[in-house]
Every structure is written in C-alpha cells, then in structure tokens.
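Trainee: Sequence and predicted structure below; questions after.
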Amino acid sequence: MTKIVRPGAKTAIIRSIARPVLRYEKLNNNKNLTITVPLPEPYHTADFLAFHLRDNHHVAEEVTENRVMKGICLHGHPALLTLEIRSGEARVTLSTDGPGPLPEDEARMQHLARHMLGLIQPVEEFETQYQDHPLAGPLIRQQKGLRIYQSATPFEAINWAIIGQQISVQAAISIRRRLIQHIGLRHSSGLWCYPDAAHILQTDFDGLRSCGFSVGKANALLALSEQLESGALVLPDVVTPENADAVSASLTAIKGIGTWTVSYALLRGFNYLNGSLHGDVAVRRNLQRLLARDEKITADETQEWLADFAPWRALMAAHLWRLESAAGY
C-alpha cells in the first residue's frame, strides 16, 4: 500500500546545491525528460510535501513519503510531473501524453524544478542577515532552510488566490477540485491536470458557477484567462522588487482581483518574498506569541514590524506561519 505523508513527518537532511544534471530516459515507450537537482542542506522535505497534500482526494496531486506526482498542462497536452526527493537531490521527471519533450523543454524543466522546490529564493542571504536578530534570530536559526514552495505555474497560483478569497481553505480546495475535473484534462497515469488559460476558456461563466465560483470570481478568472491568451497580459516567470509594482498593477486592474489576491499569488507563484502579509491572521497571532504580548497585534503593528525585514517580509512572515503548521505556510 502507498504510504501517504502527513504534515509534520520527519525527513532526512539534504545536502549541497549545484546546477541540475540533464538526461533523457525512455519509460513505457514514451520519451521522458529527467533532471537531477542537488538540494541544499538542510532541505525541509516534509514541508515541500505538505504543500502539495492539501487535497486529500489526490485528484491532481499524489503525495507519498518522498515523492510528489502532479498533473500539469504542457503545450496544451496532459503531462505528469514527478518530483522524488532522495538523499541530497530531487529527481524530476516529465512525461507527456502529447509529442515528446521539445528542445526548449530542457531549460523549462530546469526552471520549473528549481521554481517548485523554492531554490530560486535567496534564503541563505536572508538567514545571514537576520540570524542574529534579537527576536527573529532564534526562530530563523531553528527553522534554517525554510523556503516558500511554489505552485507549478504563476497561473495556477493566481487561480488558487482567486478561489481562496474570503472562504475557508477546505471550501477553496473543494472548488479547485471541481474546476480541475470540470475542465477534464487527464493524463494517462490517471491524474487530472491543472488547466492552463486556454483550457479555462473552453468553459464559460455557467460552467465556473457550477464548480462553486461566485459571480465575481468566475468573471475574474475568465478575464484573466482571456487577457493571457490574447497577449494583453504577459506575466514574468519571477517577480522582483523592481517589477513587483508593475505586475501588481496589471493584475489588480482586472475586476475581482484585489491586493490580498495579488500578494498571495506573487508569494506562491512568482517567488516574490517581499509581500507584507500583515493582514494574515496566523502571522499576527504568531507575532503576538513571538513578542510575548497578552493583547492581540493589529494589522498596522504587524506591517510596521515586518517592514524591517524588507525585501524579505513575506519570508519572515512564513517563519511566523511555520510556528503552527508545515501545511499552513
């Protein structure tokens, strides 16, 4: 029987970081692209797995004790992405039901693997700067190596942020699951695939409403997809302090996408570590705990405290989140 990992499970210490090693393999008579990505020490494998374990129905992701299998869309076709954590490395395999991997998919796989594993983020620089901070330092040292694990694509991260507006996590997971199954993109492995913008546009307003989307969320997702497909909106792979304002402005210009939605999407889809997240209830609750305050911390107080950690305010917020749950940050 396959063993499913639960948040908080212990994992081995992981080592060293270098450029991925590319090689091609042939499995099940299909051409598969496989890369091996060395991992830094320590690497929080359990937290990485917990991020992909939110939906216990395992519709589009299947998580075992050291592996994530995820259905994605590649060149318009169903594809299976497998990330297997071994001692000191991640073995990442892409298997597509469409044509074999194209030459440009080598570079795409390198970026995708490092993106999802959180390896693009300058975590070591943040830790060096703040490990001796009088309040945050002990927490940062205790959680050394903490990263913000990413959705497979920025589009998926924005979708999740739209779905999750003002509802519980469990309700958002249910709507996401229904959306994936409604679109109906399925890999030959049996896993359903998270749709891209083109596939979202194959449904309509009523189709999204049947999945549980509110009127505003359905309109927002359709408008986002239309702009991406038409080329009116072009999103970068990574958001930095230099382009963050421009990306935020282009997204909030779409009706139904607000500041919180953009902040969360940038954090989970673009490796942007400087969103404040001062309005997050868990961040404020755990900051109160860190400061040993009896009274609740306000959003304004949290914003002021996090400001000292720019340009890594969201990474500091993640350290606060992590006080409660690996799956919650």
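Mentor: That came through fine.
Trainee: residues contacting Thr96?
Mentor: Going by CB atoms under 8 Å, 6 or more residues apart in numbering, Thr96 touches 30, 74-75, 77-80. Placement of C-beta: from N, CA and C, glycine included.
Trainee: Packing partners of the one helix or strand Phe155 maps to?
Mentor: Element membership for Phe155, per DSSP states H and E: helix 154-163. Helix 154-163 is packed against helix 169-183, helix 215-230, helix 259-269, with contacts defined by 3 or more CB pairs under 8 Å, 6 or more residues apart in numbering; DSSP states H and E.
Trainee: quick one: the shortest one to helix 215-230, angle?
Mentor: The reference is to helix 259-269. Here helix 259-269 runs at 50 degrees with respect to helix 215-230, directions being taken by axes from the mean of the first three to the mean of the last three CA atoms, to 10 degrees.
Trainee: can you offset everything so residue one is 49?
Mentor: Fine by me, first position is 49 from now on; the one you just mentioned is helix 307-317.
Trainee: what residues does helix 307-317 touch?
Mentor: 196, 198-199, 201-206, 208-210, 212-213, 287, 292, 295-296, 299-300, 320-321, 323-325, 327, 362.
Trainee: Check the longest one too.
Mentor: Defining contact as CB under 8 Å, 6+ apart, one finds that helix 263-278 is touched by 203, 206-207, 210-211, 213, 245-246, 248-249, 252-253, 256-257, 261, 280-283, 299, 302-305.
Trainee: mind listing the helices for this protein?
Mentor: Using DSSP state H, the helices of the chain run over 93-99, 153-164, 171-178, 184-190, 202-211, 217-231, 245-248, 253-258, 263-278, 292-300, 307-317, 329-338, 347-354, 361-369.
Trainee: Export the ones you listed to TSV and append columns for mean pLDDT.
Mentor: Below are the helices of the chain laid out as TSV (pLDDT from 0 to 100):
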stretch	mean pLDDT
helix 93-99	93
helix 153-164	90
helix 171-178	97
helix 184-190	95
helix 202-211	96
helix 217-231	96
helix 245-248	97
helix 253-258	98
helix 263-278	98
helix 292-300	96
helix 307-317	91
helix 329-338	92
helix 347-354	95
helix 361-369	93
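Trainee: Kindly reformat these as TSV containing mean neighbour count and distance to Ser237.
Mentor: As requested, the helices of the chain are arranged in TSV below (neighbours: other CB atoms under 10 Å; distance: least, CB to CB, whole Å):
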stretch	mean neighbour count	distance to Ser237
helix 93-99	24	19
helix 153-164	18	18
helix 171-178	15	32
helix 184-190	16	38
helix 202-211	23	19
helix 217-231	17	15
helix 245-248	18	18
helix 253-258	14	25
helix 263-278	19	26
helix 292-300	16	33
helix 307-317	22	24
helix 329-338	18	35
helix 347-354	17	42
helix 361-369	24	32
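Trainee: start to end distance for stretch 184-204?
Mentor: 32 Å (CA to CA, to the nearest Å).
Trainee: To clarify, my last question referred to stretch 340-350.
Mentor: End-to-end for stretch 340-350, by CA to CA: 14 Å.
Trainee: what do you get for stretch 314-325?
Mentor: 11 Å.
Trainee: Of the helices of the chain, which is nearest Ser135?
Mentor: helix 93-99 (10.4 Å; CB to CB).
Trainee: Can you show me the CA trace of that closest one as CSV?
Mentor: Extracted C-alpha coordinates of helix 93-99, given in CSV (Å, rounded to 0.1, in the frame of the first residue of the first chain):
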residue,chain,number,x,y,z
THR,A,93,11.2,17.9,2.5
ALA,A,94,8.2,17.3,4.8
ASP,A,95,7.1,21.0,4.3
PHE,A,96,7.5,20.6,0.5
LEU,A,97,5.3,17.5,0.5
ALA,A,98,2.8,19.0,2.9
PHE,A,99,2.2,22.0,0.5
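Trainee: Thank you kindly, that will do.
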